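J.: Build the 3D model from these lines:
(2 chains)
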Amino acid sequence: MPELPNADPRLVGLKLQPAALRLGFLAAAWQIFLLREFAAQFYGSEISFGFVLAFWLLWGGLGSRAGNGRLLGRATAEGCLFAALIGAPFGFALLRLSGPALGLLPGEVTGFGPILLFAAVSAGPMNFFLGAAFARTAAHRRPAGAYLWESAGAAAGAALSYGFLVPALPAGAALAVIGVVGAASSRLDGPAARRRAWAWAWVGAAAWSLLPAFLDAPSQAVRWRPFELVLTKDGPSGRMQAVRRADEVTVYENGLKTFAAADRSESVESAGFALLQRPRAGRVLLLGGGWAGLAAEVLRYDPEAVDIVESDYAAVKAVLPFLPPRDRAALADPRVHWTIADGRRHLERASRRYDFILIGLPDPATAQLNRFYSAEFFRLAASRLDPGGVLSFRAGAAENYIGPVLARYLATHEATLRTAFPIVEIAPGASAVFLASRGPLTLDPDRLAGELERRDAATASFNRAFLQARLHPLRRESLRTALSAAGAAINSDDRPISYFYHALLWSAQKKGPDAAWLDRLASIRPSVLLAAAILPLLLIMGASLLRSRRGSRMPPSYPFLVLGLTTMAAELLLMIRYQTLHGGLYGRVALLLGLFMAGTTAGAWLAARIKAETPAAILVPSAVSFLLLGFSALGWDKGLGAAGFACLFPVWGCWGGFLFAALSRACPAPEGLSGRGYAADLLGAFAGSLVLSAVLLPLAGLDRLFAALAAINLALLGALALDRRFRGV
Amino acid sequence: MTSFRAQANLVRMRRRSFLGGAAGVGLALGTGAGKLLAGAWTGGESPSPPRTEARYYKKLPGREVLCGLCPRACLVADKERGFCGVRQNIGGTYYSLVYGKVCALNVDPIEKKPFFHVLPKTDALSLATAGCNFHCKFCQNWEISQSRPEQVEATDLSPRAAAEAALRHGCPSIAFTYSEPTVFYEYMSDTAAEARKRGLKSVVVSNGHINPEPLRALTEKVDAIKIDLKAFRPEFYRTYVRGELDPVLESIRIVRQSGVWLEIVYLVIPTLNDGEAEIRDMSRWMAGEIGPDVPVHFSRFQPMYLLKNLPPTPVATLEAARRTALAEGLRYVYVGNVPGHEGENTYCPKCRTAVIERSGFEIRANRLKGGACPNCRTPIPGLWA
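T.: Numbering: from 1, shown residues only, chains lettered A, B, ... in the order given. Model prediction:
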């Protein structure tokens, strides 16, 4: 067993470090609101989340490096923190004004390029200086202790966000509170004149931090001008907005249109194509969209009962006054019952079976939505339907031409449905309506029109002429041919490929190079992608080992790199899996982050307490991570309940905190470079979040990624055992 | 042809610009699907028309060519393509790359085009190739209009086969639609000729961005043209569709003068072209220069393509536009994409009888007698049989 070098006694200690505590608080709280703001500005896609998180970490790492170098001159930790407080409103304003800055019209979509750009620049003003402040704080204190107290601050920031800021305040006001807390908690020391100057500086920073609160409503109004923004509400699941033009209201959730009073066609078609499949409507379940016109359309078919399931009733309730009277009346119908729950959870617990399940949600533009289009979900839905029951949803398509990218997306929906239902039909159109059942289905326009007329349910837009045009044999044949030529995949909880294909489709509209890159990546085998992602890490480890063999005494950075990558990747993957299994991630992201950071604090504390000065202090945690990753790769974590699964977050946090502290002692950085390990940790996390969320997650799937991480940690274990620099503790 | 040079929009298309435009959507994956479609469309016949020399261009020194089809007047070097991406200079000769290369083919009610005064309650065999000479942010068919021929799945459908397919599907007309028919001018022209031989009508759904000479020649071959007037401000054309307004207005004049049936669609996009003054100016110009009998459709914007999150047009806005146009003297003004709205009906301009009642694609009543109002005998202009 190799021995570790002697630990630097300076690195052991638990004395309170208020500066690190404050830095952690600011970092976690700002990060949560930056992610939420990005979701609101860029349609809530986890791909954009990965970008934001990645650049957040990159800026932190760069700041940490700069804090160790000469770039920031003689700036103190307090000075860096002051700069971060001044920079935060700039980051907020940058995001809020991204639309006008890009010359986008209200409601105009943008590609990955601008998202990447704003992810890169918006985090900079805050986290670069936070990283620098951390480095300068740690330079004169104890890095392990600083890490511990930074983690504790982060846990506090996440808890405050989860418990108060997210549910109670608009984004701008929440950011103002965070900034004021950051400024007010600053320490004053040194000579009287210096203290006075800093007192005024902190007062100024606090006042400046109020800016987002004042900018909040006007900046949203600017984004929608010349439409009238009549409602904006930040809630746990995102931002609900309503805009009005000529007395007609359109509702948006995280920038995506969810309801337009001027256009009911999607609700009309979703209800019509499904409910005409059977002679009576019976019991109908609406997962999403119930309030947005779907319930009113379903009621035209005289069902026995309509169950509407919504996960964020507060947001929906805010919108209800703006709905047309017909929709409001439908929601008050005695046959309509509301359930406030996650749609999947509701189905899992449902004791009664349904005749129809209509999914009224947007396309799987996010991993959050993808869980309602997966094979697992379809199997669950099939088990809750009567034998002849029908599942239906709509997906964005094209009326006149189905291109290869769109065909692959639609074919994947069809193939996934077929894993649970023997019969699947697709009504072509600008919105393709998917129907699935274990009983017969028909898209014969004459039969559907006959049924429509028998039930006296024909309308101006949904009638015999419409059905004959929409379901013309030539149009159906074109769709069939396009889909049969497309390479379909199965969309699953673990491999959310529909979400990736939707991103590809979205990207193709912009015709930028990103669409071609994503398309090429999609054609590469996942195992090759994973190998390509792992190889650079192995090379870095190998090169470092070689230096060790040649007698280098420079402490290695690769353990920190792998540590950062593993903690960030595990955190992200666990969040995605939590979302898939239990739902409601957006409302609980702060809680889970808080649990993780609390675990990190405990781990760092534990490392300091037990005087981990043997190789086992590093090797054992490395082996533990391998076991934990293997546990998830085998899918055993799926058997844990929501609470049990949430416990994995502090466990992982504890592992990361312990190992960071242990590594900091085992690899003491040279004087003046105490943020070096922290920087490597952040850079590893940057790489992990960027590569994982954007590409590898949907293409390789969760199980494979956990397995790949396990392999990386096994390699780390081997490298640590062989590295001469860890001998002789 | 020398007049092309005098036009302002001389665009020199070089390899670099071609490559820039081609980046993005992956290449088409082969012709398997297309061949299957060909079977469905043509009953098995799938001839392969050769690359066809383009019409309306001028050869220049140095193997350059000057395209004369549309007002862009692309100056195209050897091996390069025009703005539309479907016409290429090969060794100093300009070719259409989409002759007979049909990528979309459907049977649609003619009301969907929309033509409200042409063969009501009939179907039109509707077809398109890749390409467009505009770049609209709200395009409904962006996957084909903003693509090059090699980026879409297409099949070969000769003009004769297209005409026969229309007959087989019971369509009395062929509609050139979805993308911009101007860019497949040669194919459209020849197909219209084949259709006429078989007693079929040809209708064109165009943005009107075409030069006078080819347009006049086209009016000899087709029966009806619908022009999308996308706005009545040049800035809108430059900003949102990358085109020019004046040539479109000139096309409307030419079609009207030719005697070919003309209808105008004005897609009302909230906040972008729905101002009352703009609608009034357009209506006044239509009534004064084109004539009050040309139908004008104020269509509701359905969020599409890059503007898919823009709110749809409120019905009140469409109604206001219709009132404005009627007040300016236009006689046949419709509200489009609002099924069941009274503005879908055709009213006799004299006695206000609803001579054709529509609800979406459904014709609820057609009371025309010999193309005239059954009540007061006022002729209602159109191609009714």
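J.: mind giving me the domain split of chain B?
T.: Domain assignment for chain B, taken from automatic domain parsing, gives B:3-34+B:49-96, B:101-342, B:345-385.
J.: Show me where chain A has its strands.
T.: Counting by DSSP state E, one finds strands in chain A at the ranges A:228-235, A:238-245, A:248-253, A:256-260, A:283-287, A:305-310, A:336-340, A:354-359, A:385-396, A:423-427, A:431-437.
J.: Pull the contacting residues for residue 87.
T.: I'll assume chain A. The neighbourhood of residue A:87, defined by CB atoms under 8 Å, 6 or more residues apart in numbering or on different chains, consists of A:124, A:125, A:126, A:128, A:129. In this view, the C-beta of every residue, glycine as well, is placed from N, C-alpha and C.
J.: Wait, chain B was what I had in mind.
T.: B:54, B:67, B:69, B:74, B:76, B:81, B:94, B:95, B:96, B:97, B:183.
J.: gap between the third one and residue B:90?
T.: Meaning residue B:69. Applying CB to CB, to the nearest Å, the value for residue B:69 to residue B:90 is 17 Å.
J.: and the two? which has more neighbours close in?
T.: Relative neighbour count places residue B:69 above the other of residue B:69 and residue B:90, with 28 against 15, counting by other CB atoms under 10 Å in any protein chain shown.
J.: give me the element the nearest residue to residue B:273 once chain neighbours are set aside is part of.
T.: Distances taken as CB to CB, 6 or more residues apart in numbering or on different chains put residue B:231 closest to residue B:273, at 4.0 Å, once the chain neighbours are dropped. Under the assignment given by DSSP states H and E, residue B:231 is not contained in any helix or strand.
J.: ok so, going back, got the contacts of residue B:87 as TSV, with pLDDT and distance to residue A:286 columns?
T.: Rendered in TSV, the data for the contacts of residue B:87 read as follows (pLDDT from 0 to 100; distance: CB to CB, whole Å):
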residue	pLDDT	distance to residue A:286
B:54	97	54
B:67	98	54
B:69	98	51
B:74	97	52
B:76	97	55
B:81	96	49
B:94	97	56
B:95	97	54
B:96	97	50
B:97	96	48
B:183	98	44
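J.: hmm, back to that, may I have the phi/psi pair for the residue nearest to residue B:273?
T.: Its backbone dihedrals place residue B:231 at phi -170, psi 180, with angles given as degrees, to the nearest 10.
J.: tell me the contacts of it?
T.: Here residue B:231 is in contact with B:237, B:240, B:245, B:266, B:272, B:273, B:278 (CB under 8 Å, 6+ apart).
J.: I'd like the distance between residue A:452 and chain B.
T.: 12 Å (CB to the nearest CB, to the nearest Å).
J.: Okay, now the unreliable bits of chain B?
T.: Screening chain B residue by residue with the criterion pLDDT under 70, one finds the ranges B:1-50.
J.: For it, which segments count as helices?
T.: Taking DSSP state H as the criterion, chain B contains helices spanning B:3-6, B:15-22, B:32-42, B:142-145, B:159-168, B:185-197, B:212-219, B:234-236, B:245-258, B:276-285, B:315-327.
J.: Tell me which of the ones you listed sits most buried.
T.: Mean neighbour counts were compared across those using mean count of other CB atoms under 10 Å in any protein chain shown; the top stretch is helix B:142-145, at a mean of 26.
J.: neighbouring contacts of that helix?
T.: Under the contact criterion CB under 8 Å, 6+ apart, helix B:142-145 has outside partners A:398, A:400-401, A:403, A:406, A:509, B:103-104, B:128-132, B:134, B:136, B:139, B:152, B:178-180, B:304-305.
J.: Residue B:242 against residue B:134, yeah?
T.: Yes - contact criterion CB atoms under 8 Å: residue B:242 and residue B:134 qualify, at 6.3 Å.
J.: More neighbours: which of these two?
T.: Counting neighbours by other CB under 10 Å for residue B:242 and for residue B:134 shows that residue B:134 has the greater number, 25 against 14.
J.: Run through the residues that contact the more buried one.
T.: Applying CB under 8 Å, 6+ apart, the residues near residue B:134 are B:145, B:180, B:207, B:209, B:241, B:242, B:243.
J.: burial measure for the one residue in chain B that gets nearest to chain A, as a count.
T.: Each residue of chain B has a distance to chain A, by CB to the nearest CB, and the smallest belongs to residue B:340, at 2.5 Å. Other residues near residue B:340 number 15, with proximity taken as other CB under 10 Å.
J.: Could you do the one 10 residues further on as well?
T.: Applying other CB under 10 Å, we find 14 other residues in the vicinity of residue B:350.
J.: One more: residue A:573?
T.: Burial measure for residue A:573: 23 neighbouring residues, criterion other CB under 10 Å.
J.: Also residue B:170?
T.: Count around residue B:170 with other CB under 10 Å applied: 10.
J.: my read: it touches residue B:123, true?
T.: Yes - proximity of residue B:170 to residue B:123 meets the contact threshold set by CB under 8 Å, at 6.6 Å.
J.: Tell me the residues on the stretch 101-250 of chain B that lie near chain A, please.
T.: When proximity is defined as CB under 8 Å from any CB of the partner chain, the stretch 101-250 of chain B approaches chain A at B:103-109, B:112, B:126, B:128, B:137, B:140-144, B:146-147, B:152-153, B:169, B:178.
J.: 7 Å - rerun?
T.: Where the stretch 101-250 of chain B comes near chain A, counting by CB under 7 Å from any CB of the partner chain, the residues are B:103-109, B:112, B:137, B:141-144, B:146, B:152-153, B:178.
J.: Weed out the non-buried ones from these.
T.: With burial judged by 16 or more other CB atoms under 10 Å in any protein chain shown, the buried subset of those is B:103-109, B:112, B:137, B:141-144, B:146, B:152-153, B:178.
J.: Now do the same contact list for the residue in chain A positioned nearest to chain B.
T.: Closest approach of chain A to chain B (CB to the nearest CB) occurs at residue A:460, with a separation of 2.5 Å. Applying CB atoms under 7 Å, 6 or more residues apart in numbering or on different chains, one finds that residue A:460 lies in contact with B:339, B:340, B:359, B:360.
J.: follow-up on the earlier one: which of the helices of chain B sits closest to residue A:431?
T.: If you check each of the helices of chain B against residue A:431 by CB to CB, helix B:142-145 wins as the nearest, at 15.1 Å.
J.: what about the closest one, distance to the chain center?
T.: Relative to its chain's centre, helix B:142-145 lies at 14 Å (CA atoms, centre = their mean, to the nearest Å).
J.: sorry, back to before: could the contacts of residue B:87 be laid out in TSV, adding distance to residue B:310?
T.: As requested, the contacts of residue B:87 are exported to TSV (distance: CB to CB, whole Å):
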residue	distance to residue B:310
B:54	36
B:67	33
B:69	32
B:74	31
B:76	35
B:81	31
B:94	38
B:95	38
B:96	34
B:97	33
B:183	27
